[in-house]
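Q: Pasting the sequence and the predicted model now:
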Amino acid sequence: MTKKTQVLMAFNHAGGAAKTSTVRDVGYDLAQRGYKVLLIDLDPQANLSQWLGQGKAELEESVKNSLEHYTPLPAPTEVHGMSLIPSHLELSYTDMALGGYPNAEGRLRRAIDQLREEGTYDFILLDPPPSLGKLTANAANAADWVIVPIPARYKGIVALRGVQRMLEQYGYTNPNLRIALYVITQMDNTSHAKEAVEVYQEALGDQLAGLITHRPAVYNRCQPEGRPVGAIAADAEAKEEIRLLVDQLLSRIGVGA
């Protein structure tokens, strides 16, 4: 009997919510706990790939052919104990082209279902672009769970209702899609951030997780070094925030930590 593969997507249609760093750091923490983890970068900006030192991947290493021609997913690259299918700038053309294809929003699901049947991975984490195009819709149709990063900023509050409306829409085509957690990111010690948290607490209740603190010295170091937070030597507090987040995530989706 094959094991159950949990597929999670990070989603916020507003940029700058720490979506990609959340995918990177949650994936790394899961891998450190012994889980088999696959990350799929669907964003043509390829930030996840770049932040894991894989910014020069070839187009054929991306999901392009799987989305356009129904081929199996390409062999991943191994990085920091995880598997990664990187992205490429030309996926932006795939995003546009898919609008003219039949089953335009269900193609990634077909490829991922093949991985589910094989039972190779415990977790597949999807990082779609911060937009509402076909790449994001493919991720939503393939996923079981959604992680929603929301910054402790006014722009996060403004974007929240739009995020919820889109998740409702995605739920019509994928009724198995559920929200795992809303994760407060970019938290700082300002009164503005604390007020934002209070708004989120009132609106979201026990669906709320975090806090992930705004730490420029940590995150600005991780990106050029191509390493997750958990893989750098410094800042135990940043690592502890990620660990606690993953504890909450595993509890929420019913997987033993």
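A: Yep, that arrived.

Q: who are the neighbours in contact with residue 219?
A: 21, 229 (Cβ atoms under 8 Å, 6 or more residues apart in numbering). Quick note: C-beta positions are derived from backbone N, CA and C, even for glycine.

Q: Confirm it sits in a helix?
A: Yes. Under DSSP: H, G, I helix; E, B strand; the rest coil, residue 219 sits within a helix.

Q: Show me the longest helix that occurs in this protein.
A: Among all segments of the chain classified by DSSP state H, the helix with the greatest residue count is helix 154-173.

Q: Could you identify the helix or strand that succeeds that helix?
A: Downstream of helix 154-173, the first helix or strand assigned by DSSP states H and E is strand 178-185.

Q: Please work out which residues outside the helix or strand just after that following strand touch it.
A: Following strand 178-185 in sequence order, the next helix or strand is helix 191-204 (DSSP H and E). With contacts defined as Cβ under 8 Å, 6+ apart, helix 191-204 is touched by 150-154, 156-157, 160, 182, 184, 186-187, 208, 211.

Q: So which of those wins on neighbours?
A: residue 150 (29 neighbours; other Cβ atoms under 10 Å).

Q: Can you point out the buried residues in the longest helix of the chain?
A: 156-157, 159-160, 163, 166-167, 170 (16 or more other Cβ atoms under 10 Å).

Q: my read: residue 184 touches residue 214, true?
A: No. Proximity of residue 184 to residue 214 does not meet the contact threshold set by Cβ atoms under 8 Å, at 10.7 Å.

Q: residues shared between the contacts of these two?
A: Common neighbours of residue 184 and residue 214 (Cβ under 8 Å, 6+ apart) are residue 152.

Q: ok, so what distance separates residue 16 from residue 154?
A: The spacing between residue 16 and residue 154, counted by Cβ to Cβ, to the nearest Å, is 12 Å.

Q: Then residue 222?
A: Counting by Cβ to Cβ - residue 222 and residue 154 are separated by 26 Å.

Q: picking that back up, could you list the alpha-carbon positions for the longest helix of the chain in CSV?
A: C-alpha atoms of helix 154-173 as CSV (Å, rounded to 0.1, in the frame of the first residue of the first chain):
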residue,chain,number,x,y,z
TYR,A,154,-2.2,47.1,6.1
LYS,A,155,-1.9,45.7,2.6
GLY,A,156,-2.3,42.2,4.0
ILE,A,157,-5.6,43.2,5.6
VAL,A,158,-6.8,44.8,2.4
ALA,A,159,-5.9,41.7,0.3
LEU,A,160,-7.4,39.2,2.8
ARG,A,161,-11.0,39.3,1.4
GLY,A,162,-9.7,38.9,-2.1
VAL,A,163,-7.7,35.9,-1.1
GLN,A,164,-10.7,34.3,0.5
ARG,A,165,-12.9,34.9,-2.5
MET,A,166,-10.4,33.3,-4.8
LEU,A,167,-10.1,30.3,-2.6
GLU,A,168,-13.8,29.9,-2.6
GLN,A,169,-13.7,30.0,-6.4
TYR,A,170,-11.0,27.4,-6.5
GLY,A,171,-13.0,25.2,-4.2
TYR,A,172,-15.7,24.8,-6.9
THR,A,173,-13.3,22.9,-9.2
